[in-house]
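> Would you be able to build a 3D model of this:
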Amino acid sequence: MPSQTVADYLLSRLRQWGVENVFGFPGDGINGILAAFGRADDRPRFVQARHEEMAAFEAVGYAKFTGRVGVCMATSGPGAIHLLNGLYDAKLDHVPV
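Prediction:
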C-alpha cells in the first residue's frame, strides 16, 4: 500500500471538517492535490473554475448561500494573488472561506 502524501492528509482533514466542495483552478503547483482528489474518489468534490478569481467567488457564494465553509485553491504566485478579491469579499461579509 502506498504511503499517504500531504495532499491525501489535507483532503482527509477537509472531509473531517465536513467540507463537500473545493473550488479551484488547476496549476503545476497543486498537481499533487489534484491527484489526491482522484485517490479520494473526489471527496470532497473538486469544482474547476475558469480562473482563480472565480474559484474564490464561487467559494464565497457557496458559503453565503449555504452557511457552510467555502474552500478555494489555486497555485502559488499569481494564482494565489488572484484569490484575494474573493477572499476580501468574504472577510467584509464575515463569511467562512
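
> ok, which stretches of the chain are strands?
21-24, 45-48, 72-73 (DSSP state E).

> Run through the neighbouring helices and strands of the shortest one.
This means strand 72-73. Strand 72-73 is packed against strand 21-24, helix 52-66, with contacts defined by 3 or more CB pairs under 8 Å, 6 or more residues apart in numbering; DSSP states H and E. All C-beta spots, glycine's among them, are computed from the backbone N, C-alpha and C.

> Now do that strand, average pLDDT.
With pLDDT averaged residue by residue, strand 72-73 scores 96.

> ok, A36 - how many residues close by?
Using other CB atoms under 10 Å, A36 is surrounded by 20 other residues.

> Who are the contact partners of it?
The contact partners of A36, taken as CB atoms under 8 Å, 6 or more residues apart in numbering, are 5, 7-8, 10-11.

> Over to Y62?
Y62 is in contact with 21, 23, 68, 70, counting by CB under 8 Å, 6+ apart.

> Many thanks, have a good one.
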